[in-house]
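Peer 1: give me a 3D structure for the following:
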Amino acid sequence: MIYFGYTTSTHGLKGELKLYTDFSMQKQVLTNGFTLYIQNIPLKISHVRFHQNHYLVSFEDLEDINRVENLRHQKVYIQKEDLSLKKDEVLLEELPGFFVKEGEELLGKVIQIVYNKGGVLLKVKNDRIFYIPYRKEFIEKVIAQDQTILVKQAKGLII
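Peer 2: Numbers count the residues shown, from 1 in each chain. This is a model prediction of the structure:
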């Protein structure tokens, strides 16, 4: 299971839940028929809409406020197999723990993915902490089986 986001409260009387997420593929996940997991219970989405910086999600057979009260303030998960990923494609959420190399030199290990208005940053730790923008100008290749990210021009980002 992969962490997707969290619910906070209900909205209205028709069983909508407020859902917050900064998952990298949220548009692919938040579609009618996709299955989310809350408290290890599979819930199939029946309706989604964006409203004031969060999503309002309804689930099949739970279209009443009384049926979703117990789903408030919960973590939401998905199964990676439910995503249409290419064979070697890696989710941003899986990158913490990957090693960062430039050429043969080990620069550090990804400890966090940071989302900001300018884009996605990899927070990397060696003896210091530094950030690498997750952009093609810096990321050469992600090798899932070796848990390695090959970068270019990133040594200059270490202060």
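Peer 1: secondary structure class for the most centrally placed residue in the chain?
Peer 2: Centroid-nearest residue in the chain, with Cα atoms, centre = their mean: residue 23, separated by 2.6 Å. Following DSSP: H, G, I helix; E, B strand; the rest coil, residue 23 is assigned to coil.
Peer 1: tell me if I'm right that it and residue 5 touch.
Peer 2: Yes. Under the criterion of Cβ atoms under 8 Å, residue 23 makes contact with residue 5 at 6.2 Å. (C-beta placed from N, C-alpha, C; glycine too.)
Peer 1: re earlier: can you pull the contacts of the residue nearest to the centre of the chain?
Peer 2: The neighbours of residue 23, taking Cβ atoms under 8 Å, 6 or more residues apart in numbering as the test, are 4, 5, 29, 78, 93.
Peer 1: for residue 5, same thing?
Peer 2: The neighbourhood of residue 5, defined by Cβ under 8 Å, 6+ apart, consists of 19, 20, 21, 22, 23, 26, 75, 76.
Peer 1: still on that earlier bit, dump the contacts of residue 23 into JSON lines; add distance to residue 136 as well.
Peer 2: Compiled in JSON lines, the contacts of residue 23 are given as follows (distance: Cβ to Cβ, whole Å):
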{"residue": "4", "distance to residue 136": "26"}
{"residue": "5", "distance to residue 136": "27"}
{"residue": "29", "distance to residue 136": "24"}
{"residue": "78", "distance to residue 136": "26"}
{"residue": "93", "distance to residue 136": "20"}
